[in-house]
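[1] Just to be clear, the model below is a prediction. Sequence and coordinates:
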Amino acid sequence: MFRNSTIYYSQGPSETRKIAGRLVRRLQAGDIVGLFGGLGAGKTVFVQGLLNGLGIKRRARSPSFLVSRRITSGRKIFYHLDLYRQRDEKIFNYEIYQSLRQEKAIAAVEWAQKSRFWKRVSKVKVYLYHLKGKKNSRKICIRWS
C-alpha cells in the first residue's frame, strides 16, 4: 500500500486500542499522528489506545465541537485535535502546532485528511478502514513519514 508502512487487522475496539498502544511506544515528544478515515472508522478509539499506551487514564472524547483538547497527566502532555468541522485555517494550525512543539507534546489529529497542513506535519499517518461485512473489524495502515 505505502512504503514504510505496516498493516494490521483489528476485530474490535479492544484490538484497535492495543495496536495504538504499541504504536505510541515508538513516538517521541513532539510527534504528531494524523488519523484518516470516515465516520465511525475508529479514530477516537485509536486515540484512546494512544492515551492508554502513554499511561494516561483519561477517556478520549472526540473534541468535534471544541476542535482540540489538551490532556495532561504528570509531565505527559497530549493534544487531541478533531478537524471534522474545521477548515484549513492557517493561523489556528500554526498556533496549535507551535504549542505542541514548545510543550513537547504528542498529538493525534482526527480527520487529518481535511487539512494539507496537518497531513504535511504528521510524522505518522494512520489510515482506518471498515472491513466489508464485518461490523467491528478494521484494516489499519500505519505509515511513517
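    Okay, I see it. It should be emphasised that the depicted structure is a prediction, and the values quoted were computed from it without experimental measurement.
[2] from what I can see Arg59 touches Val47, true?
    No: using CB atoms under 8 Å, Arg59 is not in contact with Val47; the gap is 10.0 Å. (Glycine included, C-beta is placed from N, CA and C.)
[3] out of the two, which sits in the busier spot?
    Val47 (28 against 10; other CB atoms under 10 Å).
[4] what about that one, distance to Ser10?
    As for Val47, its distance to Ser10 is 14 Å (criterion: CB to CB, to the nearest Å).
[5] for this protein, which residue is closest to the average position?
    Ala108 (3.3 Å; CA atoms, centre = their mean).
[6] Confirm that residue sits in a helix?
    No: counting by DSSP: H, G, I helix; E, B strand; the rest coil, Ala108 is not found in a helix; it is strand.
[7] give the contact list for it.
    Contacts here follow CB atoms under 8 Å, 6 or more residues apart in numbering; on that basis Ala108 touches Ile32, Val33, Leu35, Phe46, Val47, Leu50, Phe78, Tyr79, His80, Leu81.
[8] pLDDT and distance to Ala112 for those - can I get that in CSV?
    Output for the contacts of Ala108, formatted as CSV (pLDDT from 0 to 100; distance: CB to CB, whole Å):
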residue, pLDDT, distance to Ala112
Ile32, 92, 9
Val33, 95, 9
Leu35, 96, 6
Phe46, 96, 12
Val47, 95, 12
Leu50, 95, 14
Phe78, 91, 16
Tyr79, 88, 13
His80, 90, 12
Leu81, 88, 9
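[9] how about Leu51, what does it touch?
    Taking CB under 8 Å, 6+ apart, one finds Lys57, Arg58, Ala60, Ile71, Phe78 in contact with Leu51.
[10] Please apply the same query to Ser137.
    So Ser137 contacts Tyr9, Ser10, Gln11, Gly12, His130, Leu131 (CB under 8 Å, 6+ apart).
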